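Trainee: Please find the sequence and the predicted model below.
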Amino acid sequence: MKKFGEGGKTWSFEELSTYLSNPKAEVPGNKMAFPGLKKDDERANVIAYLNTLSDSPQPLPAAEPSPSSSAANCSTSGSRRSTRGDARDPFPKRGEDA
């Protein structure tokens, strides 16, 4: 990992995403036991968080809508449906049963 960072390496968002998906493949010889984040949205959240810690945060790239998320948000009945098979609100308001 030290050799990989020699020369003042600056990580792009794309390089970070690739690294976070499979650290051992991206930087051979690293000893990190972290297997990586396979989901795009999880990597995007980590990258956005790391960007907030920067002394000079960079503008984040625009998110591309995924086909599965747009299909999941479509409803022919107009009502809200739970994808968990449970109609209860996962975040009930105070005073409501959990």
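Mentor: Received, thanks. Residues are numbered from 1 along each chain as shown.
Trainee: How about the contacts made by residue 47?
Mentor: 13, 16, 17, 20, 60 (C-beta atoms under 8 Å, 6 or more residues apart in numbering). (Glycine included, C-beta is placed from N, CA and C.)
Trainee: where does this structure have low pLDDT?
Mentor: Low-confidence segments of the chain (pLDDT under 70): 1, 4, 65-98.
Trainee: just to revisit the earlier point, list only buried entries from the contacts of residue 47.
Mentor: By neighbour count, with 16 or more other C-beta atoms under 10 Å, these hold 13, 16, 17, 20 as buried.
Trainee: Could you pull up phi and psi at the third one?
Mentor: Torsion angles at residue 17 (phi, psi; degrees, to the nearest 10) stand at phi -60, psi -40.
Trainee: Spell out the residue ranges of the strands in this protein.
Mentor: Here the chain has no strands by DSSP state E.
Trainee: for this protein, which helix is longest?
Mentor: In the chain, with assignment by DSSP state H, the single longest helix is helix 40-52.
Trainee: re earlier: may I ask which two of the contacts of residue 47 are separated the most?
Mentor: Of all pairs drawn from these, the one with the longest distance (C-beta to C-beta) is 20 and 60, at 14.7 Å.
Trainee: Which of the buried ones among the contacts of residue 47 fall in helices?
Mentor: Per DSSP H, the subset of the buried ones among the contacts of residue 47 in helices is 13, 16, 17, 20.
Trainee: check contacts around the last one.
Mentor: The one in question is residue 20. So residue 20 contacts 36, 37, 43, 46, 47 (C-beta under 8 Å, 6+ apart).
Trainee: number of nearby residues for the third one?
Mentor: Yep, that's residue 43 we're talking about. 19 (other C-beta atoms under 10 Å).
Trainee: Thanks a lot, see you next time.
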